[in-house]
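K.L.:
The following comprises the amino acid sequence and a computationally predicted model.
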Amino acid sequence: MRIEYYCRHCKQFIGALDRPSWTKEDAERFCGFQQLTPVERAESIAYNDDRGTMYVRTVCDHCQRAVEAHPELLVEGNLFQ
């Protein structure tokens, strides 16, 4: 399985983890995704079974710093207006 991480705000590719022998269940267990609520899981994780890829939406360092400096950006619904 390949796990690709993207920023939920700016859509930038953050990084990837390649574990060919992992199943979806392995990836979720080893990455701690089983601790997410069903809503968090639906908002953060997507699969492409044909490619054997899991896509994870997270927050990059740049966007995290922007939110910490200006939390009002999240109130408007979109970090980049």
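P.N.:
Done, it's in. As the structure is a computational prediction, the values presented were derived from the model and not from experiment.
K.L.:
Identify the residue spatially nearest to the residue nearest the centre of the chain, adjacent ones excluded.
P.N.:
Residue closest to the mean C-alpha point of the chain, counted by C-alpha atoms, centre = their mean, is R57 at 2.0 Å. Spatially, and ignoring its direct neighbours in sequence, R57 is nearest to R8 (4.1 Å; C-beta to C-beta, 6 or more residues apart in numbering). The C-beta positions use only the backbone N, C-alpha and C, and glycine is treated the same way.
K.L.:
wouldn't the one you found be in contact with V59 here?
P.N.:
Yes - at 6.1 Å, R8 and V59 qualify as touching, with contact defined as C-beta atoms under 8 Å.
K.L.:
Which one's more surrounded, the two?
P.N.:
Applying other C-beta atoms under 10 Å to R8 and V59 shows that V59 carries more neighbours, namely 17 against 14.
K.L.:
Please report phi then psi for the more buried one.
P.N.:
Dihedral pair for V59: phi -130, psi 130, per degrees, to the nearest 10.
K.L.:
cool, the one 10 residues further on as well?
P.N.:
Backbone geometry at A69, expressed as degrees, to the nearest 10, gives phi -80, psi -30.
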